[in-house]
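**Q** here are the coordinates; sequence isn't available:
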């Protein structure tokens with residue numbers, strides 16, 4: 001999150017205009033930390049004082065990655081490549097709640113983010 005804000009600040013100083021984040025996401029096949037990842041980035045953006053105007057999560061549904069094929073799972077909607085069935089993940093429900101509520105409410109944080117932890121190798 002700090003890196004996103006740092007780059008945005010540097011670019012905004014050079015090109016003062018509204019900021020759009022057009023791709024931000026993480027591969028998380030088990031969806032164990034994606035809601036926290038999104039939350040932490042949105043929180044950093046919101047507290048930065050920069051004119052962030054739009055945020056687009058990468059990506060909506062799992063897709064084929066050029067370097068790694070079907071392995072990485074980036075979507076807030078999971079895709080079964082065999083059947084093409086799509087299933088909304090908890091991170092998708094989190095983003096839907098953030099949009100519905102106009103931000104991260106304490107209840108939404110508690111339901112989707114509070115128990116998530118980043119994996120540590």
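**A** Now that the structure is in, tell me what you want to look at. Note that the coordinates shown come from a computational prediction; the quantities given were computed from them, not determined experimentally.
**Q** Check the secondary structure at the most centrally placed residue in the chain for me.
**A** Nearest to the geometric centre of the chain sits residue 38, at 3.5 Å (CA atoms, centre = their mean). Secondary structure state of residue 38, per DSSP: H, G, I helix; E, B strand; the rest coil, is helix.
**Q** Go ahead and confirm it touches residue 92.
**A** No. If you go by CB atoms under 8 Å, residue 38 and residue 92 don't touch, sitting 10.2 Å apart. From N, CA and C alone the C-beta is placed, and that goes for glycine too.
**Q** Next up, the contacts around residue 90.
**A** 31, 34-35, 112 (CB atoms under 8 Å, 6 or more residues apart in numbering).
**Q** now do 6 Å
**A** residue 31 (CB atoms under 6 Å, 6 or more residues apart in numbering).
**Q** how much space is there between it and residue 83?
**A** Look at residue 90 and residue 83: by CB to CB, to the nearest Å, they are 21 Å apart.
**Q** Can you give me the pLDDT of the residue nearest to residue 28 when sequence neighbours are not counted?
**A** In this structure, residue 28 finds its nearest non-sequential neighbour in residue 34, 4.3 Å apart by CB to CB, 6 or more residues apart in numbering. In this model, residue 34 is scored at 97, pLDDT.
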